[in-house]
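from the sequence below, what's the structure:
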Amino acid sequence: MMRGLVVLVALAGCREIYGLDDPELVPLDAFVVTSPGLHEHILPDTAFWTMHDTPEGSWAATATTVGLSATNTVWTGQGPSVVELETAHVNVGVQFSVWFDGQIYATTDLDLSLIADDFAFVDLSTDGTTYTRLLESDNKAVTRTLAGFDERWYSIRIGWSQTGGAESFLFQQKAPDATQYAAWDISKLRFAPAM
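Below is the predicted model:
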């Protein structure tokens, strides 16, 4: 009789730990456990994206990586650095693609900044299914302020392609009380790791 009680208490505790009863959380597909940061994928020798692809058209390219040597890591809100790219077997100065997915925590406003060489985009979903393109950068700094969000988690997808030469990627946010853009706070990023 005591074992059954212990199991019930443990399950109830897990529900609280993982936020299963929290109406503020948007589910990450069928996953329950989340990790801080965004899921980062690095694929050498392939440049997926160009300007003005549709959100769904852009993201469809990531499905073609099955069987390819994409490196899966965690984006903590900064980078990726040249060292990280080289660790993923990217020949810096040659083409590659990097993409991130997961969720960001938004307060009532989102103030975003993106600059990338050659090209990057940021897509956001309010329902976890349909994505809207927020930013596109082709080696130019772009910013966007969005107002009227509910304070909760939102699904995000970010893609970055390099076709050769110098490369750079910087995706930042500005806190409501801040005057400058800064790296993401990792506590505002999460993803569901593969089980």
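
can you show me the strands along the protein?
Using DSSP state E, the strands of the chain run over residues 35-36, 38-44, 71-75, 96-106, 109-117, 119-125, 132-137, 142-147, 152-162, 168-173, 189-191.

give me the mean pLDDT for stretch 149-160.
The average pLDDT for stretch 149-160 rounds to 93.

so how far is it off the chain centroid?
Distance of stretch 149-160 from the chain centroid (C-alpha atoms, centre = their mean, to the nearest Å) equals 8 Å.

same deal with stretch 165-184?
From the chain centre to the centre of stretch 165-184 is a distance of 14 Å (C-alpha atoms, centre = their mean).

give me the mean pLDDT for that stretch.
On average, stretch 165-184 scores 90.

what sits up against that stretch?
76-80, 82, 85, 92-93, 96, 98, 104, 107-118, 120, 122, 139, 143, 158, 160, 188 (C-beta atoms under 8 Å, 6 or more residues apart in numbering). Placement of C-beta: from N, CA and C, glycine included.

and that stretch, which residues are buried?
Neighbour counts over stretch 165-184 (16 or more other C-beta atoms under 10 Å) mark 167, 169, 170, 171, 172, 173, 174, 181, 184 as buried.

closest one of those residues to residue 149?
Closest to residue 149 out of the buried residues of stretch 165-184 is residue 173 (12.5 Å), distances taken as C-beta to C-beta.

ok, what's across the strand from the closest one?
residue 112, residue 182 (DSSP bridges).

against residue 97, how distant is it?
Residue 173 sits 23 Å away from residue 97, taking C-beta to C-beta, to the nearest Å as the criterion.
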